[in-house]
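A.B. asks: Okay, structure incoming, though there's no sequence with it:
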């Protein structure tokens, strides 16, 4: 692909859009950027583009510009049903995502990680394994730096690890990872997609352009993942916490075992710092990707042993009066909370926030079995109480701080207070990080 002289429209001026505009302008394209926000609201991104010859259409989207473009690059935050995009698509204008653009300029092995939950942890572990194995590694995508910054950097990398969201996969055409991992599937982003199947279909596009020379690392224990995995063109490499596999990677009797082409490697888990059943899956997925792409087992295991939890993902805060407090603010959907609850017993669960449209019913068996007290906050509290309230002692709190104080009063010694919301944070907080910090401060104030 040679962008020189082409009329290219970049839709959306968040971090990804700015990086794309900068890259394309440097390649000699005639770049226009468009965003519904005003110039005043976009001071920072526009400053980054100040040295480049880029046209601006701000506070609006002009359909004529969409229709007259040779190529449109769409930022992840822009929905597919945006009317000017639909018009351009009907007119035959090529529309791509940032990862599609970047992939056309990347010629080293790419490991791509997607799934409803665990993407960031798995991506970060895999990046650390590659680096410990001596590879010059770029880690980015949906976390850190956009993939296009790799193409822009002119540095030579040996490996690329990318966290990939469903939004980023919506406009791909040739994006092809050497190894692609699908960690799990559960209802999420139903405020963006018309239904659950549309969300699943977007996730599955990560495998769309793979061939039998590539690998698909998939969760054997997730019925939806496994159902769709068996139709893939790539070579399947499953991981499982429940089934011993002849080919794949699995957990049994406190050992993770990797089997591939008659070769076996064993990794005892007793000394691994990263705890929780969800992290067993993340570790297996990262290990599989690493070994399939040539990493050495010893260095891989050393990395796993030393790796600690990322912030806001099942993070231990402190113990007070024999009660342990865990902060899991990144758990913004039901699937993530399921894994969190599976990791403990005798739980006081603090949940709620901005409703994302999915059902809370999948939590019912675990709430009944493991949650002694359920404390609900935020906009979703009413619907969560309707679906789960009859299963255990359920209460409402006016704020997160009130919920922490209530939890401290009712949780007995040996119990666990877990803040794992199953909702986004925007009803009460700026983002999930502010929610996490408020929880941590409330616990430390006990």
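C.D. replies: Looks like it came in fine. Quick caveat: nothing in here was measured; it's all calculated off a predicted structure.
A.B. asks: How about residue 260: what's its closest non-neighbour residue?
C.D. replies: Closest residue to residue 260 apart from its sequence neighbours, by Cβ to Cβ, 6 or more residues apart in numbering: residue 247 at 6.5 Å. All C-beta atoms are positioned from the backbone trio N, CA, C, and that covers glycine.
A.B. asks: mind checking how far that neighbour is from residue 217?
C.D. replies: Separation of residue 247 from residue 217 (Cβ to Cβ, to the nearest Å): 12 Å.
A.B. asks: Quickly list the domain ranges of this protein.
C.D. replies: Domain segmentation of the chain under automatic domain parsing yields 7-92, 103-306, 315-444.
A.B. asks: Look at the residue nearest to residue 260 and report its pLDDT.
C.D. replies: As predicted, residue 247 sits at a pLDDT of 98.
A.B. asks: OK, contacts around it?
C.D. replies: 237, 238, 259, 260, 261 (Cβ atoms under 8 Å, 6 or more residues apart in numbering).
A.B. asks: Rebuild those as TSV, extending it with neighbour count and distance to residue 343.
C.D. replies: Listed next are the contacts of residue 247 as TSV, based on neighbours: other Cβ atoms under 10 Å; distance: Cβ to Cβ, whole Å:
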residue	neighbour count	distance to residue 343
237	25	25
238	21	22
259	17	26
260	15	29
261	5	33
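A.B. asks: Looking at those, point me to the pair that's furthest apart.
C.D. replies: Using Cβ to Cβ, those span at most 14.7 Å, a distance reached by 238 and 261.
A.B. asks: quick one on the thing from earlier: overlap of the contact sets of residue 247 and residue 217?
C.D. replies: With contacts taken as Cβ under 8 Å, 6+ apart, residue 247 and residue 217 have 237, 238 as neighbours in common.
A.B. asks: Sketch out the helices for the stretch 101-250 of the chain, chain order is fine.
C.D. replies: Here the stretch 101-250 of the chain has its helices, by DSSP state H, counting those that start in this stretch, at 119-132, 148-153, 166-169, 196-204, 223-229.
A.B. asks: Against residue 370, how distant is residue 413?
C.D. replies: 17 Å.
A.B. asks: now do residue 292
C.D. replies: Applying Cβ to Cβ to residue 292 and residue 370 gives a distance of 35 Å.
A.B. asks: CSV for the contacts of residue 247, including distance to residue 442?
C.D. replies: Shown next, in CSV, are the contacts of residue 247 (distance: Cβ to Cβ, whole Å):
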residue, distance to residue 442
237, 43
238, 41
259, 46
260, 47
261, 52
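A.B. asks: These in strands, which ones?
C.D. replies: Using DSSP state E, the members of those that fall within strands are 237, 238, 259, 260.
A.B. asks: Pipe those into TSV and attach distance to residue 5 and pLDDT per row.
C.D. replies: Below are the ones in strands among the contacts of residue 247 laid out as TSV (distance: Cβ to Cβ, whole Å; pLDDT from 0 to 100):
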residue	distance to residue 5	pLDDT
237	43	98
238	47	98
259	52	98
260	47	98
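A.B. asks: quick check, nearest of those residues to residue 332?
C.D. replies: residue 238 (26.6 Å).
A.B. asks: quick one, what contacts the closest one?
C.D. replies: By Cβ under 8 Å, 6+ apart, residue 238 lies in contact with 217, 218, 219, 220, 226, 229, 245, 247, 248, 249.
A.B. asks: Drop anything exposed from those residues.
C.D. replies: 217, 218, 219, 220, 226, 229, 245, 248, 249 (16 or more other Cβ atoms under 10 Å).
A.B. asks: looking at it, the fifth one is touching residue 216, isn't it?
C.D. replies: Think residue 226. No. Using Cβ atoms under 8 Å, residue 226 makes no contact with residue 216, being 11.3 Å away.
A.B. asks: Tell me if residue 366 really is in a helix.
C.D. replies: Yes. Looking at residue 366 with DSSP: H, G, I helix; E, B strand; the rest coil, it is inside a helix.
A.B. asks: Identify the residue spatially nearest to it, adjacent ones excluded.
C.D. replies: Closest to residue 366 by Cβ to Cβ, 6+ apart is residue 341, at 4.4 Å.
A.B. asks: Let me see the contact set for the one you found.
C.D. replies: When contacts are counted by Cβ under 8 Å, 6+ apart, residue 341 touches 347, 349, 363, 366, 367, 370, 371, 418, 420.
A.B. asks: Is the residue nearest to the second one when sequence neighbours are not counted bridged to anything, and to what?
C.D. replies: Ranked by Cβ to Cβ, 6+ apart and with sequence neighbours excluded, the top spatial neighbour of residue 349 is residue 371, at 4.8 Å. Per DSSP bridges, residues listed as beta-bridge partners of residue 371: residue 347.
A.B. asks: what about residue 371, neighbour count?
C.D. replies: Residue 371 has 25 neighbours, counted by other Cβ atoms under 10 Å.
A.B. asks: Surely it touches residue 392?
C.D. replies: Yes. Shown here, residue 371 and residue 392 form a contact pair, counting by Cβ under 8 Å, at 5.1 Å.
A.B. asks: so what's residue 377 up against?
C.D. replies: Contacts for residue 377 (Cβ under 8 Å, 6+ apart) come out as 350, 351, 352, 353, 396, 397, 398, 399, 400, 402, 403, 428.
A.B. asks: Whichever of the residues you listed end up buried, select them in ChimeraX.
C.D. replies: Isolation of the buried members of the contacts of residue 377 (16+ other Cβ under 10 Å) is achieved in ChimeraX through the command below:
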select :350,351,352,353,396,397,400,403,428
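A.B. asks: could you redo the contacts of residue 377 as CSV and give each row pLDDT, secondary structure and distance to residue 121?
C.D. replies: Formatted as CSV, the contacts of residue 377 follow (pLDDT from 0 to 100; DSSP: H, G, I helix; E, B strand; the rest coil; distance: Cβ to Cβ, whole Å):
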residue, pLDDT, secondary structure, distance to residue 121
350, 98, strand, 22
351, 98, strand, 21
352, 97, coil, 24
353, 96, coil, 21
396, 98, strand, 32
397, 98, coil, 29
398, 96, coil, 32
399, 97, coil, 29
400, 97, helix, 24
402, 98, helix, 30
403, 98, helix, 25
428, 94, coil, 25
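A.B. asks: for this protein, what's the longest helix?
C.D. replies: Secondary structure of the chain per DSSP state H: the longest helix is helix 277-292.
A.B. asks: helix or strand right after that one?
C.D. replies: Sequence order places helix 297-306 as the next helix or strand after helix 277-292, per DSSP states H and E.
A.B. asks: Next secondary structure after that next one?
C.D. replies: Next element after helix 297-306 (DSSP H and E): strand 315-320.
A.B. asks: Could you tell me how far stretch 436-446 lies from the centre of the chain?
C.D. replies: 25 Å (Cα atoms, centre = their mean, to the nearest Å).
A.B. asks: Run through who's touching it.
C.D. replies: Residues outside stretch 436-446 that contact it (Cβ under 8 Å, 6+ apart) are 311-312, 315, 317-318, 320, 325, 327, 329-330, 350, 400-401, 404-405, 408, 417, 419, 429.
A.B. asks: Right, I'll leave it there.
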